[in-house]
Structures are given as structure tokens and as C-alpha cells.
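Asker: Predicted model, plus sequence, below.
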Amino acid sequence: GESVGLHLPTLSVQEGDNSIINCAYSNSASDYFIWYKQESGKGPQFIIDIRSNMDKRQGQRVTVLLNKTVKHLSLQIAATQPGDSAVYFCAVNNTDKLIFGTGTRLQVFP
Amino acid sequence: GAGVSQSPSNKVTEKGKDVELRCDPISGHTALYWYRQSLGQGLEFLIYFQGNSAPDKSGLPSDRFSAERTGGSVSTLTIQRTQQEDSAVYLCASSLGGGEARGYTFGSGTRLTVV
């Protein structure tokens, strides 16, 4: 089955710096990947997605990179702000259900 | 409603009791999902309903867990004879189906504490 892992449980960055959150997945047949943001006491909120026919996708201040060769996914946040502080999850779509990683807590310091 | 509504938001129960957790999905969403999130962990898939199809129950951890979806709308997750390891946040999500995750909307969850 699919397993999804993250390299770091906590990432601390200074306000204004760029943040990079990494994720690894196990199933080379996976074709759809999603990043979610979860603030305290709330459910996960969709940030950005990417399909396996792409290797990069950009949103507002966020970029997702996909390296299918090494089965690695990353989320880049530009000019990190205090409001970006949250737990970030990558997820892989598996027959219409999502398999989530364990999450990385992003802490933003002034 | 505008979002996915879950109730209760918090539930404390004694070990061995049964509990029911409720999820009201977004109107018109045919797909409904239950996930469990233990402290400091990711989201663990439990069960998935899509329209009138048989639910995907492959994530239910034991036969003490069951879920129903009545009339293609409201869903109830039932945990019988609760154990301390069942303590977690139970999250519900709904979508239009078809695997487009951007359409998944999560509720705020029910925090279950078994004492």
C-alpha cells in the first residue's frame, strides 16, 4: 500500500524567509498529490495540488515540486509570514481517498 | 450549510461506553470521508462513502467501528465499547467525488477523549 512520510517534524523559520517542507511517498504509480495546511483546532485546508504529468506548479506564494524519479514532493512558501504557522501535510490520492503524511509543524519567528 | 459540520466538537466518555459522532456534509456532495487524527500524527483514513455505492471500509481499525450514511447525506460514525486508544480527533470531509482533492472540505472535527 501507499505510505507517505515527511523528513522533519518541525521547521522554524524567520519571518520573510522562504520555507521548504519535504515529503516522500512510496507508490510509484501515485498520480495526484496535495498539500494541506492545518491550523490549531481546525480541519485541514487545501493549499495546492499537482498531477504526475507535471513537475512544478505555482500558486500565490507557494510552489509545489514533484520529483517522480525519487518519489519526493516539496512545498515551498515564499516570504513566510506569521499566518503561515501551522502543520503542513502532504497527501497522495489513492483510489479516491487521501493517504496523509504525519505532518510538519512550521513555526515562524519575527 | 456552507461547510462541513461535525458534532459534538468535544466528547469525553468512559472506557467501555459507545459513542456516536455526526457529520453533516456540504449539500450536494456525493462523497463523504472519515479520518482519525491522533495527537501529533497524520490523518488515518477510516471509511469512504460515494453515492449509492458500497462504502470503502478498508480503514476501520476494528469491528468496534462502524459508520452509516443515511439518505446520501448525514453520516454517523459509531465506536462501540470505547478504549483509551480510541482517543483522537475524528475528522469528516465531503466532496463532489471523482478524486479531485481540491474539492475536499473538512469539518473541524470531534475531539474524543476516553477516560
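Answerer: Cool, got the structure.

Asker: Strands along chain B, start to end?
Answerer: Per DSSP state E, chain B carries strands over the ranges B:5-7, B:10-13, B:19-24, B:31-37, B:43-50, B:65-69, B:75-79, B:88-95, B:105-106, B:110-114.

Asker: Which of these sits closest to chain A?
Answerer: Chain A lies closest to strand B:105-106 among the strands of chain B, at 3.0 Å (C-beta to the nearest C-beta). All C-beta atoms are positioned from the backbone trio N, CA, C, and that covers glycine.

Asker: Run the contact check for that closest one versus chain A.
Answerer: Yes: under the criterion of C-beta under 8 Å from any C-beta of the partner chain, chain A is reached by strand B:105-106 at B:Phe106.

Asker: which outside residues touch that strand?
Answerer: Applying C-beta atoms under 8 Å, 6 or more residues apart in numbering or on different chains, the external contacts of strand B:105-106 come out as A:Gly43, A:Pro44, A:Gln45, B:Gly3, B:Val4, B:Ile26, B:His29, B:Leu91, B:Cys92, B:Ala93, B:Ser94, B:Ser95.

Asker: Tell me the bridge partners for the third one.
Answerer: To tie it back to what came earlier, the one meant is A:Gln45. With DSSP bridges applied, A:Gln45 shows beta-bridge pairing to A:Lys37.

Asker: which one's the longest strand in chain A?
Answerer: Under DSSP E, chain A gives strand A:86-94 as its longest strand.

Asker: The helix or strand following it pairs with which strands?
Answerer: With elements assigned by DSSP states H and E, the helix or strand that comes after strand A:86-94 is strand A:97-100. Applying DSSP bridges, strand A:97-100 is found paired with strand A:86-94 (antiparallel).
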